[in-house]
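*Asks:* kindly generate the corresponding structure for this input.
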Amino acid sequence: MTDSKKPVLVIMAAGMGSRYGGLKQMDPMDERGHLIIDYSIYDAVRAGFEKVIFVIKEENYDLFRETIGDRISAKVEVAYAFQRLVDLPEGFAVPEGRVKPWGTGQAILSAAGAAEGAPFAVINADDYYGKEAFQKAFDYLSSSRDDDMYRFAMVGYQLKNTVTENGSVSRGVCRVSPKGFLLEIRERTRIEMRPDGIACTEDGGESWIHLDDDTIVSMNMWCFSAGIMDELKSRFPQFLENGIRENPLKCEYFLPSVVEALLKENKATVKVVTTPDKWYGVTYREDKPGVVAALAAMRKAGVYPDALLDS
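*Replies:* So this is what the prediction gives:
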């Protein structure tokens, strides 16, 4: 299993932004009107990526193209993929009353055509990952090849660099081998800054489990060979069969769950590439001032020019 195609970047932007209270991907983060996504694409382009695929809702196509795509198309190739609720395998139908997308697994699967068999990195549209993360992702994808197993990678962050003071967050808490490979990823859906440090709860706050500041977590920045698309497609029907029966309105086909299944089946390895960069995001509207200040400080320090890809 070899692949000589140049790596591309897949940006997941089909989320509904319910906790934020709007389409947060389109919220400007500086006086020039740049979005978080502009900083990510700028970092990706200077790392070597030449093509970006936006996974979006079909109804947001015109907005994305006019706000982002047309503006950056002179600097990077732009493609779009639509995550549709109705795009299901034969024999399945959308449960009555369901409006929520099917999750990150389906989001990536919807980009298979646009990716054209190239290896790719995955990010969220509303997260800031940092310059080093994109360089490490591009370098890994450019040099790694599948053999008898899939050879994936994940950019890992220190938990202390990913939490917010404005509420709880969901993080994939990772267990990593001494040689730097992912052993397990566990979704913790409520992690908070507590008076005595960072902790998570699984019983609605009745009890709390302390988490070390340097715990490695996933921020959904992955590096995949094209083979992940076949796995996502083949496993989707079984997920739907179970999910629709157990939680028809809210079940989600999570990308990390598929990766973990491949690890357990000894079909893949995931190299954990760590970065000291601080992650920034706008999970809550109250997060925005902190992100704006951080980006302004980086521009002042010369990490970013005042004009990004629209210069």
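*Asks:* contacts, neighbours, all on C-alpha from now
*Replies:* OK.
*Asks:* where does the chain have low pLDDT?
*Replies:* 1-4, 15-25, 310-311 (pLDDT under 70).
*Asks:* remind me, longest strand of it?
*Replies:* As assigned by DSSP state E, the longest strand anywhere in the chain is strand 182-194.
*Asks:* tell me the buried residues in that one?
*Replies:* 182-185, 190-193 (16 or more other CA atoms under 10 Å).
*Asks:* which of the residues in the following helix or strand past it are buried?
*Replies:* The C-terminal neighbour of strand 182-194 among helices and strands, as given by DSSP states H and E, is strand 197-200. By neighbour count on 16+ other CA under 10 Å, the buried set for strand 197-200 is 198-200.
*Asks:* who's in contact with strand 197-200?
*Replies:* Applying CA atoms under 8 Å, 6 or more residues apart in numbering, the external contacts of strand 197-200 come out as 160, 188-193, 208-213.
*Asks:* wait, Lys131 sits on Ile41?
*Replies:* No. Using CA atoms under 8 Å, Lys131 is not in contact with Ile41; the gap is 10.1 Å.
*Asks:* the two: which has the busier surroundings?
*Replies:* For Lys131 and Ile41, the more surrounded residue by other CA atoms under 10 Å is Ile41, and the numbers stand at 24 against 19.
*Asks:* roughly how far apart are that one and Thr164?
*Replies:* Remark: distance between Ile41 and Thr164 (CA to CA, to the nearest Å) = 23 Å.
*Asks:* need the helices for the stretch 51-200 of the chain, in chain order.
*Replies:* 61-64, 70-72, 104-109, 112-115, 131-143 (DSSP state H, counting those that start in this stretch).
*Asks:* let's have those helices in CSV, adding distance to Ala125.
*Replies:* Converted to CSV, the helices of the stretch 51-200 of the chain look like this (distance: least, CA to CA, whole Å):
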stretch, distance to Ala125
helix 61-64, 11
helix 70-72, 15
helix 104-109, 12
helix 112-115, 17
helix 131-143, 14
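*Asks:* show me where the chain has its strands.
*Replies:* Using DSSP E, strands in the chain cover 8-12, 51-56, 77-82, 120-124, 127-128, 150-158, 169-176, 182-194, 197-200, 209-210, 216-224, 268-274, 280-281.
*Asks:* now render those strands as JSON lines, adding distance to Leu109.
*Replies:* Formatted as JSON lines, the strands of the chain follow (distance: least, CA to CA, whole Å):
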{"stretch": "strand 8-12", "distance to Leu109": "11"}
{"stretch": "strand 51-56", "distance to Leu109": "10"}
{"stretch": "strand 77-82", "distance to Leu109": "9"}
{"stretch": "strand 120-124", "distance to Leu109": "12"}
{"stretch": "strand 127-128", "distance to Leu109": "21"}
{"stretch": "strand 150-158", "distance to Leu109": "16"}
{"stretch": "strand 169-176", "distance to Leu109": "20"}
{"stretch": "strand 182-194", "distance to Leu109": "21"}
{"stretch": "strand 197-200", "distance to Leu109": "31"}
{"stretch": "strand 209-210", "distance to Leu109": "34"}
{"stretch": "strand 216-224", "distance to Leu109": "12"}
{"stretch": "strand 268-274", "distance to Leu109": "18"}
{"stretch": "strand 280-281", "distance to Leu109": "24"}
